[in-house]
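Q: Quick one, what's the 3D model for this:
(chains A, B, C, D, E and F)
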Amino acid sequence: MDQLNVKEQQQFQQIVEQKQMKDFMRLYSNLVSRCFDDCVNDFTTGSLTTKETTCIMKCSEKFLKHSERVGQRFQEQNALLMQNMQNR
Amino acid sequence: MDQLNVKEQQQFQQIVEQKQMKDFMRLYSNLVSRCFDDCVNDFTTGSLTTKETTCIMKCSEKFLKHSERVGQRFQEQNALLMQNMQNR
Amino acid sequence: MDQLNVKEQQQFQQIVEQKQMKDFMRLYSNLVSRCFDDCVNDFTTGSLTTKETTCIMKCSEKFLKHSERVGQRFQEQNALLMQNMQNR
Amino acid sequence: MFGLGGAPQVTSDQKLQAAEAELDMVTGMFNSLVEQCHAKCINKSYGESDISKQEALCLDRCVAKYFETNVQVGEHMQKMGQSGQFMGRQ
Amino acid sequence: MFGLGGAPQVTSDQKLQAAEAELDMVTGMFNSLVEQCHAKCINKSYGESDISKQEALCLDRCVAKYFETNVQVGEHMQKMGQSGQFMGRQ
Amino acid sequence: MFGLGGAPQVTSDQKLQAAEAELDMVTGMFNSLVEQCHAKCINKSYGESDISKQEALCLDRCVAKYFETNVQVGEHMQKMGQSGQFMGRQ
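A: Numbers count the residues shown, from 1 in each chain, chains lettered A, B, ... in the order given. Okay, the predicted model is just below:
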């Protein structure tokens, strides 16, 4: 990324910020889809049962903790990779 | 969406229209992929058998009816949701 | 595509070129994801085993040969389709 | 759909981008709904091209339960966001 | 690929957008074809890095049958569109 | 991430597009990693909302092995590219 000059870096920063809202929305949509898929499989009723609701709560919390942990490791590994490339 | 002024709403309408052709193309591609996946699994022949063709026709019709019904329910539920948010 | 005039065709060519880098990156990402998924399923160790590494090499080579062959057939079939549409 | 698009933004451009992102999310949700309810409700032997009564009932409930799930997850995330458990740290 | 891009449009911008949408669809079809024919034809034990004769034959037929499916679905949708069964109502 | 974005390009526009494409790829990789490590490590019965120690260890190794896979594939593709076996012909 160091090939970009200051003005280009500012423009790039704008692009990054534009994408962040989209990323958050995608995370949210994935969360809903995943927990719906894993927790709701009985269509003899028309609204969520207590069991399904509990499952959805736990699933969504767990998924957020999951992506948080993967995100931390991803950044660590990415930093390591960049370092290795520069030391070559 | 009521935060957009008239001019912004017109611009947004253009964006919506630009996306509609893409949406139609995606529906079409999904249809082909789904029915190919569900109906064509025998590669001892190089062109579609009668049985496969029949399956593809029924699959594509059924998928269109399916997305039509899901689309209607989606709009109803979405309208309900918007109403509930405004009444809060 | 013959409905585009010369200037439009040049602009379209630029769009095509912009997309090619993205396409290559997607091919690469798909390759990594697929071979990781098919070859790495043991997490009792923290780095790749010899068996996993071998599998990943063969998987990635095979996937490239696979997409090359599918690409060739795709172009042939596409050319055939265009010909049939013009002869109608 | 979630009342987004009205944060303390200034330019037309940003408002339009927020509205477009929201449209993309609603479209994405619809596409995901079509896929998931197909997987959960539709018989894939394709003996018939019509949707059976049973499949139709299943689809209606599938959409309703998906929206309920959406609301539940949204409220839960807000609660967690306010308690500062997530967001920003990620 | 489907002769799209030539509707009663006026501006260069719209024509380019239609052409771009068509390009995206063809690319999307190709990607989906690569995925699906891999799932249907390729042995995932990866004992070999080469494609076997049997796999190659399967791939060739997979692509041919996918194109045939594409044509069939396209013609069927046009027929249904003309009879007014779908489109616009959705 | 892969040191792309610095080919013999001229205009700001092209540099930004390359940087954006790279950003999209890294984001795509992260999303794919989230999905795949969830499938490989997380118990989907959701008796608990917390990640167990075993799951956490599995996730850490999953991310590490994914990066190793990424490097291996990258090096292998470069080797094949230099030997002229692929690219350009496709």
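Q: any idea how far residue D:43 is from residue A:44?
A: Residue A:44 is 17 Å from residue D:43, where distance means CB to CB, to the nearest Å. Backbone N, C-alpha and C define where each C-beta goes, glycine included.
Q: between the two, which one's more packed in?
A: Using other CB atoms under 10 Å in any protein chain shown, the more surrounded residue of residue A:44 and residue D:43 is residue D:43, with 12 against 8.
Q: Just give the closest residue to residue D:63, not the sequence neighbours.
A: Setting aside the residues directly before and after it, residue D:63 is nearest to residue B:73 in space (CB to CB, 6 or more residues apart in numbering or on different chains), at 3.9 Å.
Q: What strand or helix carries that neighbour?
A: helix B:50-87 (DSSP states H and E).
Q: which helices and strands sit right next to that helix?
A: If you count contacts as 3 or more CB pairs under 8 Å, 6 or more residues apart in numbering or on different chains; DSSP states H and E, helix B:50-87 packs onto helix B:6-39, helix D:12-41, helix D:53-82, helix E:53-82.
Q: does residue A:46 count as helix, strand or coil?
A: Following DSSP: H, G, I helix; E, B strand; the rest coil, residue A:46 is assigned to coil.
Q: Run a quick neighbour tally on the residue nearest to residue D:63.
A: Going by other CB under 10 Å, the residues that sit close to residue B:73 add up to 20.
Q: how about it, what does it touch?
A: For residue B:73, the contact set (CB atoms under 8 Å, 6 or more residues apart in numbering or on different chains) comprises D:59-60, D:63-64.
Q: Next: residue D:47.
A: residue B:58.
Q: Could you grab the helix/strand/coil label for it?
A: At residue D:47 the chain is in coil, as set by three-state DSSP.
Q: Kindly report the same for residue D:43.
A: Taking three-state DSSP, the label given to residue D:43 is coil.
Q: what's the closest non-adjacent residue to the most centrally placed residue in chain D?
A: Central residue of chain D (CA atoms, centre = their mean): residue D:29, 3.7 Å from the mean position. Among residues not flanking residue D:29 along the chain, residue A:29 sits closest, at 5.8 Å (CB to CB, 6+ apart).
Q: wait, doesn't the one you found sit right on residue D:31?
A: No - Residue A:29 is beyond contact range of residue D:31, at 9.7 Å (criterion: CB atoms under 8 Å).
Q: Closest to the centroid, which residue in chain A?
A: With distances taken as CA atoms, centre = their mean, residue A:27 lies nearest the centre of chain A, 4.5 Å away.
Q: Could you list the low-pLDDT ranges of chain D?
A: By pLDDT under 70, the low-scoring segments of chain D are D:1-10, D:84-90.
Q: just to revisit the earlier point, give me the average confidence score over the helix holding residue B:73.
A: Averaging pLDDT along helix B:50-87 yields 93.
Q: before we move on, what about stretch A:21-35?
A: Averaged across stretch A:21-35, the pLDDT comes to 89.
Q: Contacts for that stretch next, please.
A: Under the contact criterion CB under 8 Å, 6+ apart, stretch A:21-35 has outside partners A:55-56, A:59-60, A:63-64, A:67, D:17-18, D:21-22, D:24-25, D:28-29, D:32, D:36, D:66, D:69-70, D:73-74, D:77, F:27, F:31, F:34, F:38.
Q: ok, of those residues, which come out buried?
A: Buried members of the contacts of stretch A:21-35, scored by 16 or more other CB atoms under 10 Å in any protein chain shown, are A:55-56, A:59-60, A:63-64, A:67, D:17-18, D:21-22, D:24-25, D:28-29, D:32, D:36, D:66, D:69-70, D:73, D:77, F:31, F:34, F:38.
Q: Quick check, the residue in chain A closest to chain E?
A: In chain A, no residue comes nearer to chain E than residue A:22, which is 17.6 Å away by CB to the nearest CB.
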